[in-house]
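Visitor: Next come a sequence and a model predicted from it.
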Amino acid sequence: MDKSSVRASGGGIARVAAHIDPELSLASRAAWLSYVGGFRQEDIATRLGISRVKVNRLIALAHRQGFIRVFVEGNALECVALEDQIADRFGLSLCQVVPSVGDDDLPIDALATGGARFLLKALERPDLEVVGIGHGRTLAATVDRLPRLPRARVRFVSLLGCLTRNAAANPFDVIHRLAEKVAAEAYFMPVPFFANSVADRQVLMAQKGLMDVLALAQQAQLHIVGIGEIGARAHMLETGMITPDEFAELSRAGAVGEVLGHFLSADGSPVDAALNQRALSLELEDLRGKEVVAIAGGHGKARAIRAVLGSRVLTGLITDEATARRIVERDAEEAPAGTGPAALTPLGAP
């Protein structure tokens with residue numbers, strides 16, 4: 001709060017302080033002493049006049065409240081080896097493999113921390129004016145890990161429809177969260193992820209408001225996307241973004257992965273399914289030659305990620321160690337012999 005706002009509020013400091021939870025205030029102070037001041041827990045206890053047990057509880061509370069955002073520089077040797085293999089195989093300019101931390105099913109914390117570290121550094125680039133963003137659980141968690149930053153010169157734009165099938169707001173929409181965190185202009189697509197029919201899509205895509213947003217998305221210097229799997233636990237099926245009948249058609253067509261509403265086969269080519277003609281998003285061809293970074297991982301995602309990598313749309317990937325190993329293993333199994341770059345070799349293989 002600056003001085004002018006205090007003067008305008010007429011004693012606003014006292015009123016604001018009255019609404020601060022004393023326990024949260026103490027938790028914030030303990031976090032600062034620990035992570036910024038570098039004090040040990042016994043030193044913090046002495047400074048605050050509380051027990052070490054209380055200090056431990058306060059720091060745990062600070063973590064739960066999102067007061068602490070941890071970014072770890074450097075990487076494990078095994079992760080670097082996986083990064084090199086995947087980047088070389090798929091022609092990536094960026095590959096970051098974050099160490100596994102025990103949650104192999106959906107390592108949301110590790111992925112979000114790695115993604116937030118990448119985005120935070122990207123926002124410091126002087127050339128970055130427009131960032132296109134997808135949506136999903138991992139991207140939403142990535143934004144939640146960001147500190148609040150004044151970056152008014154950067155604009156964010158959604159790369160796909162932000163509403164669910166019943167026109168409700170998408171709970172994993174990212175664009176509004178980014179606008180709050182970075183204090184920047186944000187443009188969202190006020191349409192469903194998928195149109196009900198190809199004819200409906202044509203009508204919606206012809207609307208000036210949507211055309212303007214799409215034009216801005218095409219101008220983005222950086223595009224950040226998620227990757228969806230096509231399996232029994234597919235998130236789009238669980239949330240009702242696609243129906244069971246549509247899911248069955250995709251499975252019959254051989255779809256194994258999805259990016260921005262475009263469903264791909266194992267070799268990275270679009271499948272012959274009606275849903276592929278109804279996505280309200282950028283076309284994959286619009287992304288070719290652009291900087292496109294995917295943040296994705298978790299159990300069951302390796303085949304989907306490899307399919308999207310095979311499309312050659314991505315220039316960057318941020319994933320977790322366990323998923324990276326599965327990508328290496330699956331690529332060694334599925335890559336056609338004698339075509340394209342050499343297939344990956346699983347670490348430890350002869």
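Guide: Thanks, I have it. Residues are numbered from 1 along each chain as shown.
Visitor: Show me the domain layout of this protein.
Guide: 3-64, 77-334 (automatic domain parsing).
Visitor: pLDDT on the first one, on average?
Guide: So that's domain 3-64. Averaged across domain 3-64, pLDDT comes to 73.
Visitor: Quick check: the spatially most central residue of the chain vs Leu260, distance?
Guide: Using C-alpha atoms, centre = their mean, the residue of the chain that lies closest to the mean C-alpha position is Leu139, 2.3 Å off. Between Leu139 and Leu260 the distance is 12 Å, computed by C-beta to C-beta, to the nearest Å. Placement of C-beta: from N, CA and C, glycine included.
Visitor: Can you pull the residues that touch both of the two?
Guide: Common contacts of Leu139 and Leu260, defined by C-beta atoms under 8 Å, 6 or more residues apart in numbering, comprise Val225.
Visitor: thinking again about what came up before, deepest in the core, which of the domains of the chain is it.
Guide: domain 77-334 (a mean of 19; mean count of other C-beta atoms under 10 Å).
Visitor: ranges for the strands of this protein?
Guide: 94-98, 130-133, 155-163, 185-192, 222-225, 228-229, 257-259, 262-264, 291-295, 316-320 (DSSP state E).
Visitor: Take those strands and lay them out in CSV including mean pLDDT.
Guide: Listed next are the strands of the chain as CSV, based on pLDDT from 0 to 100:
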stretch, mean pLDDT
strand 94-98, 94
strand 130-133, 95
strand 155-163, 89
strand 185-192, 88
strand 222-225, 97
strand 228-229, 90
strand 257-259, 95
strand 262-264, 96
strand 291-295, 98
strand 316-320, 96
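Visitor: Determine which of those strands approaches Asp144 most closely.
Guide: Each of the strands of the chain has some distance to Asp144 by C-beta to C-beta; the shortest is strand 291-295, at 12.8 Å.
Visitor: So which elements touch that closest one?
Guide: helix 108-122, helix 137-145, strand 222-225, strand 316-320 (3 or more C-beta pairs under 8 Å, 6 or more residues apart in numbering; DSSP states H and E).
Visitor: How about residues contacting that strand?
Guide: Applying C-beta under 8 Å, 6+ apart, the set of residues contacting strand 291-295 is 93-94, 111, 114-115, 118, 138-139, 142, 221-227, 259, 305, 308, 313-319.
Visitor: Can you give the strand pairings for it, parallel or anti for each?
Guide: Sheet pairing for strand 291-295, assigned by DSSP bridges, gives strand 222-225 (parallel), strand 316-320 (parallel).
Visitor: who wins for proximity to Arg89 among those?
Guide: Once those are compared by C-beta to C-beta, strand 316-320 is nearest, at 11.0 Å.
Visitor: Let me know the angle separating that closest one from helix 108-122.
Guide: 150 degrees (axes from the mean of the first three to the mean of the last three C-alpha atoms, to 10 degrees).
Visitor: mind putting the strands paired with strand 291-295 in CSV, distance to Asp43 included?
Guide: Output for those, formatted as CSV (distance: least, C-beta to C-beta, whole Å):
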stretch, distance to Asp43
strand 222-225, 40
strand 316-320, 35
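Visitor: These: which one's closest to Ala279?
Guide: Nearest to Ala279, of the strands paired with strand 291-295 and by C-beta to C-beta, is strand 222-225 at 12.7 Å.
Visitor: can you dump the C-alpha coordinates of the closest one into PDB?
Guide: Written as PDB, here are the backbone C-alpha positions of strand 222-225 (Å, rounded to 0.1, in the frame of the first residue of the first chain):
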ATOM      1  CA  LEU A 222       5.100 -17.800 -27.000                       C
ATOM      2  CA  HIS A 223       2.300 -20.400 -26.900                       C
ATOM      3  CA  ILE A 224       2.000 -22.600 -23.700                       C
ATOM      4  CA  VAL A 225      -0.300 -25.600 -24.000                       C
END
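Visitor: Give me the contacts around it.
Guide: Taking C-beta under 8 Å, 6+ apart as the rule, strand 222-225 contacts 115, 119, 122, 128, 130-134, 139, 159, 217, 259-260, 282, 287, 290-295.
Visitor: distance between that strand and the chain's centre?
Guide: Distance, stretch centre to chain centre, for strand 222-225: 9 Å (C-alpha atoms, centre = their mean, to the nearest Å).
Visitor: same question, stretch 218-237
Guide: 9 Å.
Visitor: ok, for Gly298, nearest residue in space, not its chain neighbours?
Guide: Of all residues not flanking Gly298 in the chain, Leu106 sits nearest, at 4.1 Å (C-beta to C-beta, 6 or more residues apart in numbering).
Visitor: OK, contacts around that neighbour?
Guide: Taking C-beta under 8 Å, 6+ apart, one finds 137, 297-299 in contact with Leu106.
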